[in-house]
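S.K.: Provided below are the primary sequence and the corresponding predicted coordinates.
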Amino acid sequence: MDMSVTFGDEAVAAEASEAVRRLAEEGVPQALSNGDPTLWGPEAESEARMRLGWLDLPTTSRELLPEITKLVERARAENLEHVVLAGMGGSSLAPEVICATADVPLTVLDTTDPGQVRRALADRLDRTILVVSSKSGSTIETDSHRRVYEKAFRDAGIDPADRIVVVTDPGSPLEQLAIESGYPVILADPNVGGRYSALTAFGLVPSALAGAEVIRLLDDAAEVRPRLAEGSEANPGLTLGAALGTAALAGRDKLVLEDGLSPINGLPDWIEQLVAESTGKQGKGILPVVGADPTEAEDEIVAGIDTEADVQVDGPLGAQFLVWEYATAIAGRLLGINPFDQPNVAESKENTARILRESGDGPLPTGTPALVDGPVEVYGELPAHVKDLSGVLTHLLEQIPDRGYLAILAFLDREAAFDVPVPPEASFEEITDIWAAHDPASLQGLLAIRTDRPVTFGWGPRYLHSTGQYHKGGPQNGVFLQLTGAVEEDLEVPGKPYTLGRLQLAQALGDLDAQRGRGRPALRLHLTDRKAGVRYLLDAAREV
Ligand SMILES: O=P(O)(O)OC[C@H]1O[C@H](O)[C@H](O)[C@@H](O)[C@@H]1O
């Protein structure tokens, strides 16, 4: 299957074609293909100089294959069939889509929800292999997962050194720890940023362990690679980047991502991080909208993966990764931003660290609820006429400005809905209905039909490493609805003064501080009983 970018929207096609011509005249496609770090201006140059390694990965990553094969053979020989990946953002989003597309099971831990981590721990610990992936080697969630698993392995009489594999950058504190602990380390290419790292060790190692055929990804990427030097619409990365960039400049800066019934499963979540973190800064950016239907709003453009849309991007997964990365770099140039930094991500992390530090052993600074409706407490400022939960939701929707959006950010257990018992004779449709009725993510669809503005949904803290950059650094027209929940059974983080549940709440509060500090409307709904709270909230949304 060949990589292609085609258009269902003539206006987008015409703008893109004109921009392709201009960019070609300026020599941009050739320069990008050659790894020229000057394409994003003098301020971005030093960062870009060490962030363009992704262009060579279809060739350079092949060096990893013998090492990966050895790891896979060892895991097979020891019957380690449950592959758990601890990694945030760029360190887990690519393996998630690679494994979903290959239809091989991978348990991804990119959460601080104690229930979700407990579920992973309870699943075949005796046959678990844990991949600890972190480029920086200092990400708090990933560090916590490693600590939790080390203890669990030891408690079960298993040597962690037999079960933990580390993927990190050379020289990181995690590399050092791995060496000291006797964990095998696969070093990733340091000249590739996290969200561009799908075809590095970060994408390949966990995916191969889970059973995906990773060489195919490199072969498919290698096949499209020569076209990325071309100065014409035969260059799919140039065409896609020109379309995204010119559409955003013309005001169509909400990018609805659809993968329909495509054989590629879940790529929009990966694109979401790439596009949001790369472009959402200096008050500019492209907002990816995943999991929602197009609204036909004027500021929207729809991209389809192997699916008819304004811009349709067809091709195999390995080539898609490379083409979207190239396109994002092109769109970044057109928008006049540095697509390789994430200047606002640290802010929420710092807020969280401060909140944990200042609260010591005492309660976290949650404040007092402005309203309590059933199992839901509402934190934040509310006008006097708002008396119940559906009033709260209506109030939030009314606050979305022109060209703005609502972001639902759920610091909850992403898998909890699937634990709900289903009758043994239930049909597939009945089962999915039961799940949806217990899934906080259903709130996105329920609120989306009550506004003509985009509604996004992100799981916390996962989104902090993805759209969180856009929410803080992009155009300031977001309205934020946070969901948190009471913790029934918490989990210690060995060697740390916080539990996972405490960390999770501190992360929510830290990001809320960042949004409120910018004057954005932001409310936190706290579910004092999670299961009842989700149902109550979804019912309230139906009444809006
Ligand atoms: O791989 P790590 O260093 O643990 O980083 C994981 C993620 O964390 C940060 O928040 C960055 O903004 C992301 O781009 C990155 O993918």
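M.R.: Ah, there it is.

S.K.: residue 157 belongs to a helix?
M.R.: No. Counting by DSSP: H, G, I helix; E, B strand; the rest coil, one finds residue 157 to be coil, located in no helix.

S.K.: so it versus residue 125, what's the distance?
M.R.: 11 Å (Cβ to Cβ, to the nearest Å). For the C-beta atoms, the positions are set from N, CA and C on the backbone; glycine is no exception.

S.K.: quick one: which of the two has more around it?
M.R.: residue 125 (18 against 7; other Cβ atoms under 10 Å).

S.K.: in terms of contact, does that one touch residue 152 like I think?
M.R.: Yes. In this structure, residue 125 is within contact of residue 152 by Cβ atoms under 8 Å, at 6.1 Å.

S.K.: which residues of this protein score low on pLDDT?
M.R.: Scanning the chain for pLDDT under 70 picks out the ranges 1.

S.K.: quick check: closest non-adjacent residue to residue 85.
M.R.: Residue nearest to residue 85 in three dimensions, not counting chain neighbours: residue 206, with 4.4 Å by Cβ to Cβ, 6 or more residues apart in numbering.

S.K.: where does the stretch 1-150 of the chain come near the ligand, residue by residue?
M.R.: Within the stretch 1-150 of the chain, the residues that sit near the ligand (Cβ under 6 Å from any ligand atom) are 88-91, 134-136, 139, 142.

S.K.: and the chain, by the same measure?
M.R.: 88-91, 134-136, 139, 142, 194-195, 277, 342, 345, 465.

S.K.: the host helix or strand of the residue nearest to residue 85: how far from the chain's middle?
M.R.: Element membership for residue 206 (DSSP states H and E) is helix 201-210. Computed by Cα atoms, centre = their mean, to the nearest Å, the chain-centroid distance of helix 201-210 equals 17 Å.

S.K.: what does the following helix or strand past that helix contact?
M.R.: Next along the chain after helix 201-210, taking DSSP H and E as the criterion, comes helix 214-224. Here helix 214-224 makes contact (Cβ atoms under 8 Å, 6 or more residues apart in numbering) with 3, 57-59, 61-62, 65, 68, 98, 198-199, 203-204, 207-208, 236, 315-319, 321-323.

S.K.: buried ones in helix 214-224?
M.R.: By neighbour count with 16 or more other Cβ atoms under 10 Å, helix 214-224 contains the buried residues 214-215, 217-218, 220-224.

S.K.: show me what secondary structure element comes after that helix.
M.R.: helix 236-249.

S.K.: quick one: list the elements packing against that next one.
M.R.: Helices and strands touching helix 236-249, by 3 or more Cβ pairs under 8 Å, 6 or more residues apart in numbering; DSSP states H and E, are strand 4-7, helix 10-25, strand 300-305, strand 311-314, helix 317-335.

S.K.: so it versus helix 317-335, what angle?
M.R.: 40 degrees (axes from the mean of the first three to the mean of the last three Cα atoms, to 10 degrees).

S.K.: can I get the CA coordinates of helix 236-249 in PDB?
M.R.: Provided in PDB are the C-alpha atoms of helix 236-249 (Å, rounded to 0.1, in the frame of the first residue of the first chain):
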ATOM      1  CA  PRO A 236       3.000  13.300   1.100                       C
ATOM      2  CA  GLY A 237       4.600  15.000   4.100                       C
ATOM      3  CA  LEU A 238       4.900  18.300   2.300                       C
ATOM      4  CA  THR A 239       1.400  18.200   1.000                       C
ATOM      5  CA  LEU A 240      -0.100  17.200   4.400                       C
ATOM      6  CA  GLY A 241       2.000  19.800   6.300                       C
ATOM      7  CA  ALA A 242       1.100  22.500   3.700                       C
ATOM      8  CA  ALA A 243      -2.600  21.600   4.100                       C
ATOM      9  CA  LEU A 244      -2.500  21.700   7.900                       C
ATOM     10  CA  GLY A 245      -0.500  24.900   8.100                       C
ATOM     11  CA  THR A 246      -2.400  26.900   5.600                       C
ATOM     12  CA  ALA A 247      -5.800  25.700   7.000                       C
ATOM     13  CA  ALA A 248      -4.700  26.800  10.500                       C
ATOM     14  CA  LEU A 249      -3.500  30.200   9.200                       C
END
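
S.K.: run the chain-centre distance for it.
M.R.: Distance, centroid of helix 236-249 to centroid of chain: 22 Å (Cα atoms, centre = their mean).

S.K.: check stretch 381-393 too.
M.R.: For stretch 381-393, the distance to the chain centre is 31 Å (Cα atoms, centre = their mean).

S.K.: flag every buried residue along that stretch.
M.R.: 382, 386, 389-393.

S.K.: identify, from those residues, the entry nearest to residue 519.
M.R.: residue 382 (16.5 Å; Cβ to Cβ).

S.K.: the closest one - that's part of a strand, no?
M.R.: No. Checked against three-state DSSP, residue 382 lies outside a strand; its state is coil.

S.K.: contacting residues around it?
M.R.: 370-371, 392, 395, 523.

S.K.: for PyMOL, write a command that selects the buried ones of the residues you listed.
M.R.: Buried residues within the contacts of residue 382, by 16+ other Cβ under 10 Å, are selected in PyMOL with:
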select buried, resi 371+392+395+523
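
S.K.: narrow the contacts of residue 382 to those in helices?
M.R.: The helices in this structure, assigned by DSSP state H, contain 392, 395 from those.

S.K.: dump the contacts of residue 382 to CSV, plus distance to residue 337.
M.R.: Shown next, in CSV, are those (distance: Cβ to Cβ, whole Å):
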residue, distance to residue 337
370, 37
371, 39
392, 35
395, 33
523, 30
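
S.K.: doesn't residue 424 belong to a helix?
M.R.: No. Membership of residue 424 in a helix is not supported by three-state DSSP, which gives coil.

S.K.: tell me how far it lies from residue 438.
M.R.: Residue 424 is 18 Å from residue 438, by Cβ to Cβ.

S.K.: more neighbours, these two?
M.R.: Between residue 424 and residue 438, residue 438 has the larger neighbour count (other Cβ under 10 Å), namely 17 against 5.

S.K.: once you drop chain neighbours, what's closest to the more buried one?
M.R.: Closest to residue 438 by Cβ to Cβ, 6+ apart is residue 417, at 4.1 Å.

S.K.: likewise residue 440?
M.R.: Counting by Cβ to Cβ, 6+ apart, the residue nearest residue 440 is residue 410, at 4.7 Å.

S.K.: what does residue 537 give?
M.R.: In space, residue 537 is closest to residue 376, 6.0 Å off (Cβ to Cβ, 6+ apart).

S.K.: bridging residues for that neighbour?
M.R.: The partner list for residue 376 in beta bridges (DSSP bridges) reads residue 373, residue 527.

S.K.: give me the neighbour count for it.
M.R.: 24.

S.K.: so who does it touch?
M.R.: Taking Cβ under 8 Å, 6+ apart as the test, what residue 376 contacts is 389, 525-528, 533, 536-537, 540.

S.K.: just the buried residues from those, in PyMOL please.
M.R.: To isolate the buried members of the contacts of residue 376 in PyMOL, using 16+ other Cβ under 10 Å:
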select buried, resi 389+525+526+527+533+536+537+540
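
S.K.: now the contacts of residue 376 in JSON lines, with distance to residue 46?
M.R.: What follows is the contacts of residue 376, written out as JSON lines (distance: Cβ to Cβ, whole Å):
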{"residue": "389", "distance to residue 46": "49"}
{"residue": "525", "distance to residue 46": "43"}
{"residue": "526", "distance to residue 46": "43"}
{"residue": "527", "distance to residue 46": "45"}
{"residue": "528", "distance to residue 46": "49"}
{"residue": "533", "distance to residue 46": "48"}
{"residue": "536", "distance to residue 46": "51"}
{"residue": "537", "distance to residue 46": "46"}
{"residue": "540", "distance to residue 46": "50"}
